[in-house]
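# Give the three-dimensional model of this entry:
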Amino acid sequence: MIDINPFDPQTVVLLGALNPVTILVAFLLGRKADQWQKIPVAAFAGAFAGFLLYWLAATVGIFSIHALGGEAGMLLVGFVSGLIWALVGYFIFPAKKAAP
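Numbering: from 1, shown residues only. Below is the predicted model of the structure:
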């Protein structure tokens, strides 16, 4: 079991930046984006999906949460990480456009 301390910046950054659901959702949505304005939406969706995974893991009992306080920071770090992954998907690995 992983213990989550009241406020541990290193854990908040690691959980926010290296969340596999955040990376996957932001990358795939960034890849499918056909306009640059959709990149922040993809990043937020990835951060929110990653936070839902964190919440579900805590509810099931994988994480032992002793206090609140790092969740907003984790969502913010997840957004920044998601923004990077969405940009990677948008610029480097864009999905092929359908022919009209």
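# ok now do residue 74, which residues does it touch?
By C-beta atoms under 8 Å, 6 or more residues apart in numbering, residue 74 lies in contact with 12, 15, 16, 51, 54. (C-beta placed from N, C-alpha, C; glycine too.)
# do that again at 6 Å, thanks
With contact set as C-beta atoms under 6 Å, 6 or more residues apart in numbering, residue 74 has these partners: 12, 15, 16.
# In three-state terms, how would the first one be classified?
Taking DSSP: H, G, I helix; E, B strand; the rest coil as the rule, one finds residue 12 in the helix state.
# re the thing from before, with the contacts of residue 74 in mind, which one is nearest to residue 79?
When the contacts of residue 74 are compared for distance to residue 79 (C-beta to C-beta), residue 16 wins out at 8.2 Å.
# Kindly provide the distance from the closest one to residue 27.
16 Å (C-beta to C-beta, to the nearest Å).
# what about these two, which has more around it?
For residue 16 versus residue 27, neighbours defined as other C-beta atoms under 10 Å are more numerous around residue 16 (25 against 22).
# For that one, which non-adjacent residue is closest in space?
residue 77 (2.9 Å; C-beta to C-beta, 6 or more residues apart in numbering).
# Give me the neighbour count for the one you found.
Using other C-beta under 10 Å, residue 77 has 23 neighbouring residues.
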